[in-house]
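Peer 1: Got a predicted structure here, sequence first:
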Amino acid sequence: MNTKEIQIAIGKMQVLKFHSPVCENVTYLINDFELDVMSLSKSGMLYEFEIKISRSDFLADKKKRKHNYYIKYPERQPNYFSYACPTDLIKLNEIGSSVGLYYVDENGVTEIQSPKIIHKTLHDKNKILEKICRITSERQFLNGCRMTYNN
């Protein structure tokens, strides 16, 4: 499976849970890091899914400054964090007990470990919706972000 196929499967799963909005590849939402898939629950909790399609990608992810930033500023990260990957790419003992893990294959999504809440601070829902609307408009009418289009 490729990244886009996994994003679609995870997005569908979140939409079926009545999350809205659900969007992929969102940068500068609540910090400087890209969210591979994000969704907002009806209660206002923000979910992040990090998509991994190779072992090397997963192992390199552990070195990203994003994770140290999240430890230092938990309120500036999503309320829930999960990995989504092809079946058996990431083992349960390789992630923390609060991190969700989802396997995705041609039959759908299997929850291996449910994510646990990282913090209860709600993010500004209007700011998130405004950002998602702008991103959607840029992708639909410019075939990418505005900065890329201008360049």
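Peer 2: Received, thanks. Numbers count the residues shown, from 1 in each chain.

Peer 1: so where do the strands sit in this protein?
Peer 2: Remark: strands of the chain, listed N- to C-terminal, are 22-26, 35-40, 46-51, 80-86, 100-105, 108-113; assignment by DSSP state E.

Peer 1: how about JSON lines for these, with mean pLDDT added?
Peer 2: As requested, the strands of the chain are exported to JSON lines (pLDDT from 0 to 100):
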{"stretch": "strand 22-26", "mean pLDDT": "90"}
{"stretch": "strand 35-40", "mean pLDDT": "94"}
{"stretch": "strand 46-51", "mean pLDDT": "96"}
{"stretch": "strand 80-86", "mean pLDDT": "97"}
{"stretch": "strand 100-105", "mean pLDDT": "98"}
{"stretch": "strand 108-113", "mean pLDDT": "98"}
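
Peer 1: any chance of the ones you listed in a markdown table, with distance to residue 136 too?
Peer 2: All C-beta atoms are positioned from the backbone trio N, CA, C, and that covers glycine. Below are those laid out as a markdown table (distance: least, CB to CB, whole Å):
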| stretch | distance to residue 136 |
| --- | --- |
| strand 22-26 | 7 |
| strand 35-40 | 13 |
| strand 46-51 | 17 |
| strand 80-86 | 21 |
| strand 100-105 | 23 |
| strand 108-113 | 23 |
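
Peer 1: so which of these gets nearest residue 122?
Peer 2: Of all the strands of the chain, it is strand 46-51 that lies closest to residue 122, at 8.2 Å by CB to CB.

Peer 1: measure the closest residue in space to residue 17 that isn't next to it in sequence to residue 49 for me?
Peer 2: Counting by CB to CB, 6 or more residues apart in numbering, residue 17 lies nearest to residue 41, which is 7.4 Å off, once chain neighbours are set aside. Separation of residue 41 from residue 49 (CB to CB, to the nearest Å) stands at 13 Å.
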